[in-house]
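**Q** coordinates for the following, if possible.
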Amino acid sequence: QVQLAESGGGLVQAGGSLRLSCAVSGRTVSSHHMGWFRQVPGKEREFVALISRGGNVEYADSVKGRFTISRDNAKNTVYLQMISLKPEDTAVYYCVANRRAYYSNSVGDYDYWGQGTQVTVSS
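**A** Sure thing, here's the model as predicted:
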């Protein structure tokens, strides 16, 4: 069983930066494909970024060039560095883990979810 605990959310002005952290327990961070999704009330969860077991990364078009996903194997933690934040980035951000042999940006392929952390970007 994998447990995921996000932190680092908050209120920031447009153009600002935040770094989200996801502490992983129960398994090593490199044993799963890891990712971030986000959700706005009334909308479906949206893929943001992933990092595969092998270190491949993918991003949603809406965050490319602004967000960076990374992991620290020694700290068993995944990060999402967000810069140039926009009001439309406002959402609850979820850390996720996929135990499958393949990685994907599909919400249904992620087996474990954190409780979420709120990110609010003011204009």
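**Q** gap between the two ends of stretch 88-103?
**A** Terminal residues of stretch 88-103 lie 26 Å apart, using CA to CA, to the nearest Å.
**Q** now it: how far from the chain's centre is it?
**A** Mean-position distance between stretch 88-103 and its chain equals 5 Å (CA atoms, centre = their mean, to the nearest Å).
**Q** burial count for the spatially closest residue to Cys22 that is not a sequence neighbour?
**A** Nearest residue to Cys22, sequence neighbours excluded (CB to CB, 6 or more residues apart in numbering): Cys95, at 3.4 Å. Quick note: C-beta positions are derived from backbone N, CA and C, even for glycine. When counting by other CB atoms under 10 Å, one arrives at 28 neighbours for Cys95.
**Q** how far away is Cys95 from Gly15?
**A** Using CB to CB, to the nearest Å, Cys95 is found at 25 Å from Gly15.
**Q** note down every partner strand of the host helix or strand of the residue nearest to Cys22 and its orientation.
**A** Using DSSP states H and E, Cys95 maps to strand 91-98. Using DSSP bridges, the strands paired with strand 91-98 are strand 33-39 (antiparallel), strand 112-113 (antiparallel), strand 117-122 (antiparallel).
**Q** name the nearest residue to the most centrally placed residue in the chain, ignoring sequence neighbours.
**A** Centroid-nearest residue in the chain: Trp36, 2.2 Å away (criterion: CA atoms, centre = their mean). For Trp36, ignoring the flanking residues on the chain, the nearest one in space by CB to CB, 6+ apart is Val48 at 4.3 Å.
**Q** just put the strands paired with strand 91-98 in CSV and tack on distance to Asn76 and mean pLDDT.
**A** As requested, these are exported to CSV (distance: least, CB to CB, whole Å; pLDDT from 0 to 100):
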stretch, distance to Asn76, mean pLDDT
strand 33-39, 11, 98
strand 112-113, 14, 96
strand 117-122, 18, 98
